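>>> just a sequence and a predicted model for now, questions to come.
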Amino acid sequence: MEHTKRTTAIKWGVLAAVVAVVTLLYWFNPVDAPFAPKCMFKQLTGLSCPGCGIQRFLHAFLHGRPLEAISYNYMLVVLIPYILLFGIEKLFLTGERQKRWESVLEGRLLTTALCIMAPVWFVIRNILNI
């Protein structure tokens, strides 16, 4: 019983944190906001990591500018739906339905594909300077 309460509290905490971050990204442009974290990898190397542009992507997307959002990080076209489905699976599903989703979202095929896509995207975006 105690484990279930703790798990539920953690799920609500994660959901509240996501809502807070999305709200901040709606109201504050990460380019102009001094409190928005900057990519340390890019600051140290001058190269864009696979995640560079996530904050700008979300800000533009939340303001109804999907094409601008995509231009900040093309890989997020694939990752955002994956992250949303992963969040649904972890936060809202239980039992057999959660196990089925988990077998796909955390299965070898999709995990391998994502592990290959990240370094490939890193190389492509830095060679093409996108």
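Yes, it's here. On a predicted model such as this, the values are computed, not experimentally measured, just so you know.
>>> report pLDDT for G64.
pLDDT recorded at G64 is 97.
>>> mind checking how far it is from T23?
As judged by CB to CB, to the nearest Å, G64 and T23 stand 16 Å apart. In this view, the C-beta of every residue, glycine as well, is placed from N, C-alpha and C.
>>> give me the more crowded residue out of the two.
T23 (11 against 8; other CB atoms under 10 Å).
>>> quick one: the more buried one from V14, how far?
T23 is 15 Å from V14, by CB to CB.
>>> what of F92?
In terms of CB to CB, F92 sits 11 Å off from V14.
>>> cool, M117 as well?
According to CB to CB, M117 and V14 sit 25 Å apart.
>>> same deal with L67?
30 Å.
>>> more neighbours: which of these two?
V14 (13 against 8).
>>> model confidence score at that one, please.
In this prediction V14 is given a pLDDT of 87.
>>> likewise H3?
65.
>>> over to P37?
On the pLDDT scale, P37 is placed at 91.
>>> alright, that wraps it up for me.
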